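Chemist: here is my input; please provide its structure:
(one chain, ligands or ions: 1)
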Amino acid sequence: MTTISFTKGQGTGNDFVLFADPDGEIDLTPAQLAAIADRHFGIGADGVLRAVRSRNLSEGAAALAEESAAEWFMDYHNADGSVAEMCGNGIRVFVRYLLESGLVELPDGGTLPIGTRAGVRDVQRSTNGFSVDLGRWALVAGDTVVRAKNLPVARPGLGINVGNPHVVVALASDEELDAADLSYVPKVEPEPEGGINVEFVVPAEPLVRDGVGQIRMRVHERGSGETLSCGTGAAAAALATRHWAGPGAPNAWRVAVPGGVVGVRMFPAEDGEHVALSGPAELVFDGALEL
Ligand SMILES: N[C@@H](CCC[C@H](N)C(=O)O)C(=O)O
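Modeler: Coordinates of the predicted model:
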């Protein structure tokens, strides 16, 4: 039997089980990961984060981690045990965990690169917790239609990739947003291979306050179901809303999710426009699990 020391953490209510495996010795199966994340029979979480030194990753994953640029790799799995490329809330909680475990240092104004399956992501401290540069984003071509239970009509969705795949759907009112039943997987057509994260958004009133765009969002996450927050989803939702708003729309957004508020910022970089996400990251309790 193996005993693993773990920490439970959360960022705007998106919650995670984290454990350190610096030497890359722990290889959990999807069934074991799903059992850990199970809210009734396990610890309970939206995702499981393994902290592994990039140099100790297996060959294929090491290439993804660009190991020279990031000492630590965030090995992220959804609650059902499936792999995802990136997790925007998770990476902030991951950095908080590395810091509090004494595994890294991050002085004010400093940058900590973290390896992910979407590439290396730079994390900094911010006034609301941590900020992560999610890198270049992309609009996904093609028409998409989304149906969710309790919404009266099918809606067009806008595909956005921020390292992981999202489709964003604009709703007409707060009432409609509240009414959507996200305990069922929204039906996306054409059906994306491997699933997709679906964000439903409504603009706040006014849409722009003091130069900052404001939206409300709910999300159904691929591999985890409805969650209280999705960081990469918030970035996709802000990007989609700016796209719909047209020229003159702001590059700074405040995204209200059921679990709190995160910030999104778009900025020019050498390789094109990047999107950054900021928000809180808390550690909640420690424990040990036996497998
Ligand atoms: N909650 C995360 C996203 C986690 C991965 C997602 N479910 C996927 O499968 O892509 C976030 O905060 O970004």
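Chemist: contacts and neighbour counts: CA atoms only from here.
Modeler: OK.
Chemist: element containing the residue lying closest to His220 once chain neighbours are set aside, please.
Modeler: What sits nearest to His220 in space, not counting adjacent residues and going by CA to CA, 6 or more residues apart in numbering, is Glu226, at 4.2 Å. Using DSSP states H and E, Glu226 falls within strand 225-227.
Chemist: so what strands line up beside that strand?
Modeler: The pairing partners recorded for strand 225-227 under DSSP bridges are strand 212-221 (antiparallel).
Chemist: the longest strand belonging to the chain pairs with which strands?
Modeler: When the chain is parsed with DSSP state E, its longest strand is strand 197-209. Paired strands of strand 197-209, with direction, are strand 165-170 (parallel), strand 212-221 (antiparallel) (DSSP bridges).
Chemist: next one: Pro165 from the ligand, what distance?
Modeler: 6 Å (CA to the nearest ligand atom, to the nearest Å).
Chemist: how about the residues of this structure that lie near the ligand?
Modeler: Within reach of the ligand by CA under 6 Å from any ligand atom, the chain has these residues: 78, 84, 86-90, 164, 221-224, 230-233.
Chemist: quick one: the helices in this structure?
Modeler: For the chain, the helices defined by DSSP state H occupy 30-37, 59-65, 88-100, 174-179, 231-245.
Chemist: report the buried residues of the longest one.
Modeler: Which is helix 231-245. Applying a neighbour-count criterion of 16 or more other CA atoms under 10 Å, one finds Gly231, Thr232, Gly233, Ala234, Ala235, Ala236, Ala237, Ala238, Leu239, Ala240, Thr241, Arg242 buried in helix 231-245.
Chemist: and the contacts of that helix?
Modeler: Under the criterion CA atoms under 8 Å, 6 or more residues apart in numbering, residues 86-89, 134, 158, 160-162, 164, 166-168, 197-201, 215, 217, 219, 249-251, 253, 255, 262, 264, 275-277 lie in contact with helix 231-245.
Chemist: mean pLDDT for the helices of the chain: which is lowest?
Modeler: In terms of mean pLDDT, the lowest-scoring of these is helix 59-65 (a mean of 58).
Chemist: how many residues are close by the closest residue to Asp23 other than its chain neighbours?
Modeler: Excluding the flanking residues, the one nearest Asp23 by CA to CA, 6+ apart is Asn56, at 5.6 Å. By the measure other CA atoms under 10 Å, the count of residues near Asn56 is 18.
Chemist: list the contacts for the closest residue to Ser183 other than its chain neighbours?
Modeler: Excluding its sequence neighbours, the residue lying closest to Ser183 (CA to CA, 6+ apart) is Glu226, at 6.4 Å. Going by CA under 8 Å, 6+ apart, Glu226 touches Leu182, Ser183, Arg218, Val219, His220.
Chemist: how much space between Glu226 and Ala148?
Modeler: Distance, Glu226 to Ala148, by CA to CA, to the nearest Å: 12 Å.
Chemist: quickly list what's touching both of the two.
Modeler: Common neighbours of Glu226 and Ala148 are listed as Leu182 (criterion: CA under 8 Å, 6+ apart).
Chemist: for the stretch 151-291 of the chain, which residues score under the pLDDT cut-off?
Modeler: For the stretch 151-291 of the chain, applying pLDDT under 70 flags no range at all.
Chemist: according to the record, where do the domains of the protein fall?
Modeler: 3-135+280-290, 136-274 (automatic domain parsing).
Chemist: returning to that earlier point: can you give me the buried ones in the longest strand of the chain?
Modeler: Residues Asn197, Val198, Glu199, Phe200, Val201, Val202, Pro203, Ala204, Leu207, Val208 are the ones in strand 197-209 that count as buried (16+ other CA under 10 Å).
Chemist: likewise stretch 4-18?
Modeler: 6-18.
Chemist: ok, so of those, who is nearest Ser126?
Modeler: Nearest to Ser126 among the buried residues of stretch 4-18 is Gly11, at 13.8 Å by CA to CA.
Chemist: report the separation between the residue nearest to the closest one when sequence neighbours are not counted and Tyr97.
Modeler: The spatially closest residue to Gly11, leaving aside those adjacent along the chain, is Ala281, at 4.5 Å (CA to CA, 6+ apart). Distance, Ala281 to Tyr97, using CA to CA: 9 Å.
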